[in-house]
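Engineer: test case, fold it:
(one chain, ligands or ions: 1)
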Amino acid sequence: MKAVVDPTLCSGHARCNAAAPEVFELDDLGYAALASGGAATVAPEYEQAARDGALACPERAITLIGQTTTPQNRETKAKP
Ligand code: SF4
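Structural biologist: Here you go, the predicted structure:
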């Protein structure tokens, strides 16, 4: 999964950071650091945190792209 923050929408509420500090760091002005460009790769163990952070954003500035399959999911799918 990758996380992208639209710099034209990010207004510095910092709610993403409050919900998922592992994924959404803030810059010196309190805006999501990702708003300065680029996409961050989200480690599988932080994907739920990334979803929580995206849902917490009142500006809907966060886009999550793709999703990896966790080892736990793979094990579940392999069972009949
Ligand atoms: S919650 Fe949304 S608007 Fe606020 S800093 Fe995070 S991405 Fe930007």
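
Engineer: which parts of this protein are helices?
Structural biologist: For the chain, the helices defined by DSSP state H occupy 15-19, 47-56, 71-78.

Engineer: residues of the longest one that come out buried?
Structural biologist: By that I understand helix 47-56. For helix 47-56, burial by neighbour count (16 or more other C-beta atoms under 10 Å) applies to Glu47, Ala49, Ala50, Arg51, Asp52, Gly53, Ala54, Ala56. For glycine as for every other residue, the C-beta is placed from the backbone atoms N, C-alpha and C.

Engineer: contacting residues around stretch 48-61?
Structural biologist: Stretch 48-61 is touched from outside by 1, 3, 5-6, 9-11, 13, 15-20, 22-24, 32, 35, 42, 62-64, with contacts defined as C-beta atoms under 8 Å, 6 or more residues apart in numbering.

Engineer: residues of the protein that sit close to the ligand?
Structural biologist: Where proximity means C-beta under 6 Å from any ligand atom, the interface of the chain facing the ligand comprises 5, 10-16, 24, 31-32, 57, 59, 61-62.

Engineer: what's the average pLDDT for stretch 25-32?
Structural biologist: Here stretch 25-32 scores 94 as its mean pLDDT.

Engineer: give me the contact list for it.
Structural biologist: Counting by C-beta under 8 Å, 6+ apart, stretch 25-32 makes contact with 5, 10-12, 14, 16-17, 24, 33-36, 61-62, all of which sit outside it.

Engineer: can you flag which of the residues you listed belong to strands?
Structural biologist: Within these, membership in strands is found for Val5, Ile62, as judged by DSSP state E.
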